[in-house]
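Enquirer: please work out how this folds:
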Amino acid sequence: MDWQPDEQGLQQVLQLLKDSQSPNTATQRVVQDKLKQLNQFPDFNNYLIFVLTRLKSEDEPTRSLSGLILKNNVKAHYQSFPPPVADFIKQECLNNIGDASSLIRATIGILITTIASKGELQMWPELLPQLCNLLNSEDYNTCEGAFGALQKICEDSSELLDSDALNRPLNVMIPKFLQFFKHCSPKIRSHAIACVNQFIMDRAQALMDNIDTFIEHLFALAVDEDPEVRKNVCRALVMLLEVRIDRLIPHMHSIIQYMLQRTQDHDENVALEACEFWLTLAEQPICKEVLASHLVQLIPILVNGMKYSEIDIILLKGDVEEDEAVPDSEQDIKPRFHKSRTVTLPHEEERPEDPEDPEEDDDDDDDTLSDWNLRKCSAAALDVLANVFREELLPHLLPLLKGLLFHPEWVIKESGILVLGAIAEGCMQGMVPYLPELIPHLIQCLSDKKALVRSIACWTLSRYAHWVVSQPPDMHLKPLMTELLKRILDGNKRVQEAACSAFATLEEEACTELVPYLSFILDTLVFAFGKYQHKNLLILYDAIGTLADSVGHHLNQPEYIQKLMPPLIQKWNELKDEDKDLFPLLECLSSVATALQSGFLPYCEPVYQRCVTLVQKTLAQAMMYNQHPDQYEAPDKDFMIVALDLLSGLAEGLGGQVEQLVARSNIMTLLFQCMQDTMPEVRQSSFALLGDLTKACFMHVKPCIAEFMPILGTNLNPEFISVCNNATWAIGEICMQMGAEMQPYVQMVLNNLVEIINRPNTPKTLLENTGRLTSPSAIPAITIGRLGYVCPQEVAPMLQQFIRPWCTSLRNIRDNEEKDSAFRGICMMIGVNPGGVVQDFIFFCDAVASWVSPKDDLRDMFYKILHGFKDQVGEENWQQFSEQFPPLLKERLAAFYGV
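Expert: Numbers count the residues shown, from 1 in each chain. Predicted coordinates:
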């Protein structure tokens, strides 16, 4: 006999479902309490499934809601359902998957996949066979309901379905799904493709065995009249391009023709899926050869897709020109994530833009439409294709561009400016001849009457900032800066935002070129402080911080400090300790403190104290949480990370003058705790601060060395590359202060450092704070050199194990203090153990030749080692040996050292 509800209980549950649809918050609270009470009764869940599947007299929203409440219960405590209740729910789901209402079918599907994801796929063996069986039903509703449930299971459990745990049901399911590609109902065809699509990226074996049938069936559906089906076909082809391009190559010409049509599909969702194809194709090695002959068709289609649609313009309030007085709604403000401080070394090469760095190159020209859309996808595709085809793209693009950029309709003109920005990186060389006339036109567009044209012009100009700065300043830099500063004070918030971001990019490129205009720039940025709403204030902090990084000590003038510091300190005093707006402000102040150096002294005390308090509060909160996780919330450790980084900025900027602040605080005790935090970013920032304090006021660090060194040793783990780099750098700074007293600690760190420097092709990382490329092994090399400088007897015996990677990782670092101390160390170690360098002497010669102007006494050390080696082996052997030298190396060694 089936379970039957008690009439009074049923009425109670129905009343509850009705109340929970009420907009009144007080009623909602009562409902929540009542739900908690009812969940004490095991068969409450039976009532919920009963309303969903059997009470056809009730309205659909109420029945569906009953199922959704049940789904939440399953999620929260399915493990504690009594077996009869669980069985009743499962049986009801399978018996009613073909309900006449599509809403109820979808709700049951969600319920089934939620139960399945609770580890129940193994415990509910009849589920998949029954659902697959129901696909054969003559009844449309049953077939569609079963497919809907299967699609959700495929989405949630794709890996499990392709595993031995379930005896590989996909071997049956995939061929079954493929049969339904030809079904008469578009909804069913769409489900069938969507199910199979779940298994492409994981290369499920059952799909790979049927790959040719799958592709044939996709081609057969290419011109399906249903947009949902076309969208799923496009999605499948895009994924196949990534994982099974070998099967597509024979058909590539027709696939490209098909995708060209679909990218213009009148249904924007289909067009968007198809447009992804070009993004994915651009990453494939065959892109150039298969696409070159189609560019003539593709480029106009992508360019056309870059126009704002009418709906975009409505959503973006494109007709609102002035909105600066309207406060921001909180959900407009994206959460900010602080990047922890990373120590880097100045490098030979100039800073390349990193395509992987999201900060760098966001098509963030229409931010509030943060959802991916055809415009963004088309622009991204054009950007990556410009990087593949370079100048070859221009013949297809330039004729279009002229018509767009000077078009009387603002929407078309705006899209032309976006096109110009999108190709900036890839086609820069080919664009140079046109820039002298394009840049002035773009600068003119900064004062267009449409806000959306002004904002896109800001972005596109920032993409050409590098070229602008390479020209004489009066040509373009000065007019661009003047106009951008006006736009920073625009009446439209989107324009303010775009101008602030563009100005930050210009600052990074122009660096000290901006010094003559500092007074004018600061007036504008400070004026914006009083004008900006919440969201743009955060971007303004970034522009001020970047300015400080770019002009450095030139900012340390009384008149500039007088302009800049009062508004910053006022904000600093307004913000509470738990306000996340502190993050960008602290980052900004850190840059300002480093730039102002002694100019920051009058402000340093309250700033220093507050940072110490933030660290202390966060540590205390973390401790409470660890002891009583049920009573306390986990702290947001970003507060502590940003505070540690600002303390680093103060130590770096103030140098020895930070000593009194350190003396009067418990920062060393706090640092001891931070260095052992579980979160890598906290450790990363603590080691940076430790290094900066070591340089600034070692007297306070020295008493803690015995406790600190073992912690530094255990953090020499290249799995956390930034933590490892900063710990390594700090050890190097400590060496320079400790001198021979470093001896007891050498063995604690040396083996790890040697292991790190010998790692195969340690990747080049783009380190955040300077954006300069540095090989990560340069920092371990410098620290090994410094250890050898202070304790040559301890380190020299291992010389042979690290000399080769040591030399190769330091040859690209510019002459500086750190390189100087490291090379003195290596020379002293060679003095102790000359045999250690013999086999790799050519690498040493190369590293020595990388010096442009070593100090005289260091040059003498090099001279002695080179001549000593030459005398040792004799003239004839030296001649043979130096034959292997590249010509440039030979020349430099002869010129500088006479060998």
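Enquirer: so which residues of the protein form strands?
Expert: 765-766, 773-774 (DSSP state E).
Enquirer: rank those strands by pLDDT, which is bottom?
Expert: For the strands of the chain, mean pLDDT drops lowest on strand 765-766, to a mean of 32.
Enquirer: and stretch 875-891, what's its mean pLDDT?
Expert: What stretch 875-891 shows for mean pLDDT is 90.
Enquirer: buried residues, that stretch. List them.
Expert: By neighbour count with 16 or more other Cβ atoms under 10 Å, stretch 875-891 contains the buried residues 878, 882, 885, 889-890. From N, CA and C alone the C-beta is placed, and that goes for glycine too.
Enquirer: and what of stretch 825-840?
Expert: Buried residues in stretch 825-840, counted by 16+ other Cβ under 10 Å: 825-830, 833-834, 836-837, 840.
Enquirer: and that stretch, end to end?
Expert: 17 Å (Cα to Cα, to the nearest Å).
Enquirer: before we move on, what about stretch 125-144?
Expert: With Cα to Cα applied, stretch 125-144 spans 21 Å between its terminal residues.
Enquirer: Val453: which of the buried residues of stretch 875-891 is nearest?
Expert: Lowest distance from Val453 to these (Cβ to Cβ) belongs to Leu889, with 54.7 Å.
Enquirer: where's the nearest residue to the closest one once chain neighbours are set aside relative to Asp820, distance?
Expert: With sequence-adjacent residues excluded and distances taken as Cβ to Cβ, 6 or more residues apart in numbering, Leu889 is closest to Ala849, at 5.3 Å. Going from Ala849 to Asp820 by Cβ to Cβ, to the nearest Å gives 16 Å.
Enquirer: which one of the two has more residues nearby?
Expert: Per other Cβ atoms under 10 Å, whichever of Ala849 and Asp820 has more neighbours is Ala849, with 21 against 17.
Enquirer: okay, the more buried one and Thr107: tell me how far apart.
Expert: Distance, Ala849 to Thr107, using Cβ to Cβ: 74 Å.
Enquirer: state the pLDDT value of the residue nearest to Lys152 when sequence neighbours are not counted.
Expert: Nearest residue to Lys152 in three dimensions, chain neighbours excluded: Thr113, at 3.9 Å (Cβ to Cβ, 6+ apart). You'll see Thr113 listed with a pLDDT of 90.
Enquirer: burial of Thr113, as a residue count?
Expert: 24.
Enquirer: next up, the contacts around it.
Expert: By Cβ atoms under 8 Å, 6 or more residues apart in numbering, Thr113 lies in contact with 149, 152-153, 155-157.
Enquirer: looking at the residues you listed, spot the one nearest Tyr632.
Expert: Taking Cβ to Cβ as the measure, Tyr632 sits nearest to Asp156 out of these, at 33.2 Å.
Enquirer: didn't that closest one look like it was pressed against Ser117?
Expert: Yes. Counting by Cβ atoms under 8 Å, Asp156 does reach Ser117; the two are 5.0 Å apart.
Enquirer: domain ranges for this protein?
Expert: Domain segmentation of the chain under the TED database yields 1-119, 738-898.
Enquirer: most packed of those?
Expert: Mean neighbour count (mean count of other Cβ atoms under 10 Å) peaks for domain 738-898 among these, with a mean of 18.
Enquirer: got the end-to-end distance for that domain?
Expert: Termini of domain 738-898 sit 36 Å apart (Cα to Cα).
Enquirer: return the distance of that domain from the chain's centre.
Expert: 35 Å (Cα atoms, centre = their mean, to the nearest Å).
Enquirer: next: stretch 4-21.
Expert: Per Cα atoms, centre = their mean, the centroid offset for stretch 4-21 relative to its chain is 48 Å.
Enquirer: then stretch 87-107?
Expert: 42 Å.
Enquirer: next one: stretch 155-163
Expert: Relative to the centre of its chain, stretch 155-163 is centred 28 Å away, using Cα atoms, centre = their mean.
Enquirer: now that stretch: average pLDDT?
Expert: Mean predicted lDDT for stretch 155-163 stands at 82.
Enquirer: contact partners of it?
Expert: Against stretch 155-163 from outside (Cβ under 8 Å, 6+ apart): 113, 116-117, 121, 153-154, 166, 168-170, 173, 198-199, 202, 204-206.
Enquirer: how about stretch 228-235?
Expert: Under Cβ under 8 Å, 6+ apart, the answer for stretch 228-235 is 186-187, 189-190, 193-194, 197, 218, 221-222, 224, 259, 262, 265, 267, 269-270, 273-274, 276-277.
Enquirer: please apply the same query to stretch 65-76.
Expert: For stretch 65-76, contacts defined as Cβ under 8 Å, 6+ apart pick out 13, 17, 20-21, 35, 39, 45, 48-49, 51-52, 81, 89, 104, 107-108, 110-111, 114-115, 118.
Enquirer: mind checking how far Ile313 is from Val270?
Expert: From Ile313 across to Val270, the span is 22 Å (Cβ to Cβ).
Enquirer: meant to ask about Cys154
Expert: Remark: distance between Cys154 and Val270 (Cβ to Cβ) = 22 Å.
Enquirer: could you do Asn373 as well?
Expert: 13 Å.
Enquirer: with Ser550 instead?
Expert: To Val270, Ser550 is 46 Å away according to Cβ to Cβ.
Enquirer: go on, Glu509?
Expert: 40 Å.
Enquirer: who has more neighbours out of those two?
Expert: Taking neighbours as other Cβ under 10 Å, Glu509 and Val270 compare with Val270 leading, 23 against 19.
Enquirer: my read: Gly98 touches Gly148, true?
Expert: No. With contact defined as Cβ under 8 Å, Gly98 does not reach Gly148; the gap is 10.5 Å.
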